[in-house]
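Peer 1: heads up, no residue letters with this:
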């Protein structure tokens, strides 16, 4: 009888490269926009309330 094991292959530094791409792309664009117009920032309470509304809206559809 033959037994098999599940194998996981991790590419070296793949996670680091993905983070770097995100930081140099989307995150830096957001940072630049926030520096240009700080009034567009939201507090953690505002973000939490927005997420709660979205969660409720989506869970009501189920």
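Peer 2: Arrived safely, thanks for sending. Computed from a predicted model, the values in this text were never measured in an experiment.
Peer 1: count the neighbours of residue 46 for me.
Peer 2: 10 (other Cβ atoms under 10 Å). Yep, even glycine has a C-beta here, placed from its N, CA and C like the rest.
Peer 1: then residue 26?
Peer 2: The tally of other residues near residue 26 (other Cβ under 10 Å) stands at 10.
Peer 1: any idea how far it lies from residue 59?
Peer 2: Separation of residue 26 from residue 59 (Cβ to Cβ, to the nearest Å) stands at 28 Å.
Peer 1: also residue 49?
Peer 2: In terms of Cβ to Cβ, residue 49 sits 16 Å off from residue 59.
Peer 1: more neighbours, the two?
Peer 2: Set residue 49 next to residue 59 and count neighbours by other Cβ under 10 Å: residue 49 wins out with 12 against 8.
Peer 1: mind checking pLDDT for that one?
Peer 2: Residue 49 is assigned 97 on the pLDDT scale.
Peer 1: cool, the one 5 residues further on as well?
Peer 2: At residue 54, the pLDDT value in this model is 95.
Peer 1: next one: residue 12
Peer 2: On pLDDT, residue 12 comes in at 64.
Peer 1: check residue 23 too.
Peer 2: The score at residue 23 is 88. That number is its pLDDT.
Peer 1: element containing the residue positioned nearest the centre of the chain, please.
Peer 2: When Cα atoms, centre = their mean is applied to the chain, the residue found nearest the centroid is residue 22 (9.4 Å). Assigned by DSSP states H and E, residue 22 belongs to helix 14-22.
Peer 1: whatever helix or strand comes next after that helix versus helix 14-22: what angle between them?
Peer 2: The helix or strand immediately downstream of helix 14-22 is helix 28-36, counting by DSSP H and E. Angle between the axes of helix 28-36 and helix 14-22 is 40 degrees (criterion: axes from the mean of the first three to the mean of the last three Cα atoms, to 10 degrees).
Peer 1: can you list contacts of helix 28-36?
Peer 2: Helix 28-36 is contacted from outside by 40, 41, using Cβ atoms under 8 Å, 6 or more residues apart in numbering.
Peer 1: let's see 10 Å
Peer 2: 22, 23, 40, 41 (Cβ atoms under 10 Å, 6 or more residues apart in numbering).
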